[in-house]
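predicted model follows, preceded by the sequence.
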Amino acid sequence: MDSWLALIAVCSGFCFALALVLTQFGLRTAEPLTGAGIAVPTTAVLFILLSPLSVDWAAWHTDSALLFAAAGVFFPVAVTLLTFSANQLIGPNLTGTLGNVTPLFAVGFAVLLLGEVPNGEQWLGIAAICAGIAMLFVGRSNGVPAPALWALGLPLGAALIRGVVQPVVKMGLVDWPNPFAAATIGYGVSALVMAAVLMSRRHEWSVPPRTGLLWFIAVGLTNGAAVLLLYMALARGPVTIVAPLVACYPLITLVLNRCFLGRSRLAPVAIAGILISVLGVGLLLRS
């Protein structure tokens, strides 16, 4: 396997994990809608300002641009809203864990849209990663009361969107292999969608205090880096390899939670889950 592909995918996972943890600090000062209204447009503006240096607009490919824009209608804006809400209701651990089913959706749509069919070893690696990360949180409800269990559908919805978006963006990158273009167009469209949502619900949000504003700016930039790295990985390799590697971010979320939030030590079953996930990554890398 391309070692740079693996490194870029893992770095994307790290940024997704870091954004999840930083979101916890921002949500102490504002509601999810307010946070998303800061994070998404901030990153969109940054990508647009950098685009004269990062995007060769002379290489414009209409079909690819339309695919990037279609992805931007849902990603990252819808994923950000769903993830922020899930983070507030069930915490970063369960949010990250349920987001782990993303590679199942991504691989399924990659098979349908791109004809990328994993071999036996890759299927085993994907299954090991998903099962191992699920084991990290066996028996841990994160203190979620029974009436809030519906909130588990929020990160699952985010995972479905991420799973669909990856092969769609991959299709666009085939004819216009510029991850910066994909991120810039996608974030630009997401910012417009976010603006429409804020206008329609203008009575439900307000400007947070300065501390919260800074936290959500940091979350937006971190998520932007994660998305850009994800697209860079997709430009180099197949969805069936990239998606499972990026989906390892719940492992990193646990480590960062211990560093930033002082979470309790891991149970034996969680340690076993880590080992199984690492084994799955090893199988993917060997394939």
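Received it, and whenever you're ready, just let me know what you need.

which residues sit in contact with the nearest residue to residue 29 once chain neighbours are set aside?
Closest residue to residue 29 apart from its sequence neighbours, by CB to CB, 6 or more residues apart in numbering: residue 212 at 3.0 Å. All C-beta spots, glycine's among them, are computed from the backbone N, C-alpha and C. The contact partners of residue 212, by CB atoms under 8 Å, 6 or more residues apart in numbering, come to 26, 28-30, 34-35.

6 Å instead, please
For residue 212, the contacting residues are 26, 29-30, by CB atoms under 6 Å, 6 or more residues apart in numbering.

ranking those residues by neighbours, who comes first?
residue 26 (28 neighbours; other CB atoms under 10 Å).

reformat the contacts of residue 212 as a markdown table; add pLDDT, distance to residue 196 and secondary structure.
A markdown table is the format used below for the contacts of residue 212 (pLDDT from 0 to 100; distance: CB to CB, whole Å; DSSP: H, G, I helix; E, B strand; the rest coil):
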| residue | pLDDT | distance to residue 196 | secondary structure |
| --- | --- | --- | --- |
| 26 | 91 | 22 | helix |
| 29 | 89 | 24 | coil |
| 30 | 87 | 20 | coil |
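
which element follows the host helix or strand of residue 194 toward the C-terminus?
Using DSSP states H and E, residue 194 falls within helix 179-200. Going down the chain from helix 179-200, the next helix or strand is helix 210-236, by DSSP H and E.

what comes up buried for that next one?
212-213, 215-236 (16 or more other CB atoms under 10 Å).

separation between the residue nearest to residue 29 and residue 199?
As for residue 212, its distance to residue 199 is 21 Å (criterion: CB to CB, to the nearest Å).

ok, residue 156 next?
Counting by CB to CB - residue 156 and residue 199 are separated by 28 Å.

same question for residue 36.
According to CB to CB, residue 36 and residue 199 sit 14 Å apart.
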